[in-house]
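Asker: need coordinates for the following:
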Amino acid sequence: MVRLIKYLVIFGVLAALALIAYAYIGPWFGADFSVPIEEVRKPVVLDAN
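Answerer: From the prediction side, this is the model:
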C-alpha cells in the first residue's frame, strides 16, 4: 500500500512539472493561452409585476 501511495505522489509531482513546462513552453509551439476579448450583449427580460 505504501508503494502505491509513493508511486501516486511521484506521478503527481511529474504531472505538475509537465503542466508547468507546458505553460512556459506551449506558446513556442503554437498554444495560445490568451483570453478571447469580445463584448457580449444579451437582452434581459425583467419580470417585475
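Asker: okay, and residue 40 sits in which element?
Answerer: Using DSSP states H and E, residue 40 is not contained in any helix or strand.
Asker: that one: neighbour count?
Answerer: 4 (other Cβ atoms under 10 Å). C-beta coordinates here come from the backbone N, C-alpha and C atoms, glycine included.
Asker: give me the pLDDT value at it.
Answerer: You'll see residue 40 listed with a pLDDT of 91.
Asker: now this structure, which segments are flagged as low pLDDT?
Answerer: 49 (pLDDT under 70).
Asker: and residue 12, how many neighbours?
Answerer: 10.
Asker: now the helix or strand harbouring it - C-alpha only, PDB.
Answerer: Element membership for residue 12, per DSSP H and E: helix 2-25. Only the C-alpha atoms of helix 2-25 are listed here, as PDB (Å, rounded to 0.1, in the frame of the first residue of the first chain):
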ATOM      1  CA  VAL A   2       2.900   2.400   0.800                       C
ATOM      2  CA  ARG A   3       4.400   1.600  -2.600                       C
ATOM      3  CA  LEU A   4       1.100   2.600  -4.300                       C
ATOM      4  CA  ILE A   5       1.000   5.900  -2.400                       C
ATOM      5  CA  LYS A   6       4.600   6.500  -3.200                       C
ATOM      6  CA  TYR A   7       4.000   6.000  -7.000                       C
ATOM      7  CA  LEU A   8       0.900   8.200  -6.900                       C
ATOM      8  CA  VAL A   9       2.900  11.000  -5.200                       C
ATOM      9  CA  ILE A  10       5.700  10.700  -7.800                       C
ATOM     10  CA  PHE A  11       3.200  10.700 -10.600                       C
ATOM     11  CA  GLY A  12       1.500  13.800  -9.200                       C
ATOM     12  CA  VAL A  13       4.900  15.600  -9.000                       C
ATOM     13  CA  LEU A  14       5.700  14.600 -12.500                       C
ATOM     14  CA  ALA A  15       2.300  15.700 -13.700                       C
ATOM     15  CA  ALA A  16       2.700  19.100 -12.000                       C
ATOM     16  CA  LEU A  17       6.100  19.600 -13.600                       C
ATOM     17  CA  ALA A  18       4.700  18.700 -17.000                       C
ATOM     18  CA  LEU A  19       1.900  21.200 -16.600                       C
ATOM     19  CA  ILE A  20       4.300  23.900 -15.600                       C
ATOM     20  CA  ALA A  21       6.600  23.100 -18.500                       C
ATOM     21  CA  TYR A  22       3.700  23.200 -20.900                       C
ATOM     22  CA  ALA A  23       2.600  26.600 -19.600                       C
ATOM     23  CA  TYR A  24       6.100  28.000 -20.300                       C
ATOM     24  CA  ILE A  25       6.900  26.100 -23.500                       C
END
